[in-house]
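Chemist: Can you look at this prediction? I've put the sequence above it.
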Amino acid sequence: MKKLAIITVLSSTLIFSSCDTLNQYSGIINQTLGTPSSTEMSLGLKQALEFGTNYSADRLSTKDGFLGNLAVKILFPAEAKKVENTLRSIGLNSLCDNVITSLNRAAEDAAQEAKPIFVNAIKQMSFADVSNILLGNQDAATLYFKRTTSNALADKFRPIVNTSLNKVGATRYWGDLTSSYNKLPLVTPINTDLTGYVTDKAIDGLFIEIAKE
């Protein structure tokens with residue numbers, strides 16, 4: 001058990017380091033433990049990945065986990081950026097700020113639900129997946145999670161985001177905002193799927209945070 005714990009720590013460091021350090025950490029593992037078995041390396045990697053994904057989900061699910069993190073903060077949809085600029089120009093800054101805050105609160109509510117989905121993806125890893133993550137490109141773990149969890153995350157996040165958008169007032173704020181904008185002369189009406197937009201951005205933010213880890 002002690003041997004596996006050491007492998008887990010070293011695997012965590014190796015995963016979250018650049019590929020240039022691979023030989024260095026492999027040498028440490030060999031010097032400290034002898035050559036670990038493929039099963040030990042696989043279990044160590046999976047524990048390290050579970051720690052990293054749980055930590056990312058926990059961090060994003062706290063208050064301001066999205067709103068206070070510029071790398072993942074959810075802003076107006078691209079097609080509505082002109083809406084924001086126009087409304088701010090006529091003094092509706094508070095309305096725009098309320099929309100942005102509520103979008104990020106919805107993403108924070110959903111983030112915690114990612115943990116069991118990642119745990120399931122980790123449990124299903126084959127030895128080939130483990131080898132690819134340990135020996136492949138630096139983003140191999142993130143790409144694996146994108147491939148195996150994106151659909152499940154979207155299915156899980158969407159109803160939570162929808163409920164949260166209503167709870168924090170985002171739907172009302174967005175309705176007020178688009179209504180105000182659409183009443184302006186000579187503008188193209190905005191009709192964005194707000195739940196779908198926030199769901200996609202929440203998942204994107206989660207993968208960005210995992211990549212950092």
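Modeler: Done, it's in.

Chemist: And the pLDDT at Ser11?
Modeler: At Ser11, the model reports a pLDDT of 49.

Chemist: First-to-last residue distance for stretch 128-141?
Modeler: Terminal residues of stretch 128-141 are spaced 12 Å apart (Cα to Cα, to the nearest Å).

Chemist: quick one: which helix or strand includes the residue of the chain most remote from its centre?
Modeler: Distance from the C-alpha centroid of the chain peaks at Pro185, with 38.9 Å (Cα atoms, centre = their mean). For Pro185, there is no helix or strand it lies in under DSSP states H and E.

Chemist: what's the answer for the one 5 residues further on, then?
Modeler: According to DSSP H and E, Ile190 maps onto no helix or strand at all.

Chemist: just Val72 next, same as before
Modeler: According to DSSP H and E, Val72 maps onto no helix or strand at all.

Chemist: Count the neighbours of the spatially closest residue to it that is not a sequence neighbour for me.
Modeler: In space, and not counting its chain neighbours, Val72 is closest to Gly205: 3.2 Å by Cβ to Cβ, 6 or more residues apart in numbering. In short, each C-beta sits where N, CA and C put it, glycine included. Residues within reach of Gly205, counting by other Cβ atoms under 10 Å, total 23.

Chemist: and Gly205, helix, strand or coil?
Modeler: Three-state call for Gly205 (DSSP: H, G, I helix; E, B strand; the rest coil): helix.

Chemist: correct me, but it touches Leu70?
Modeler: No. Using Cβ atoms under 8 Å, Gly205 is not in contact with Leu70, being 11.0 Å away.

Chemist: separation between the closest residue to Ala121 other than its chain neighbours and Pro189?
Modeler: Nearest residue to Ala121 in three dimensions, chain neighbours excluded: Thr148, at 4.4 Å (Cβ to Cβ, 6+ apart). Look at Thr148 and Pro189: by Cβ to Cβ, to the nearest Å, they are 39 Å apart.

Chemist: Next, count neighbours for Asn69.
Modeler: Considering only other Cβ under 10 Å, Asn69 is surrounded by 16 other residues.

Chemist: For it, grab phi and psi.
Modeler: Backbone torsions of Asn69, given as degrees, to the nearest 10, read phi -120, psi 110.

Chemist: where in this protein is pLDDT low?
Modeler: Applying pLDDT under 70 to the chain flags residues 1-36, 191.

Chemist: Looking at Thr148 and Pro189, which one has more neighbours?
Modeler: Thr148 (17 against 10).

Chemist: which element is that one on?
Modeler: Short version, using DSSP H and E: Thr148 is in helix 140-167.
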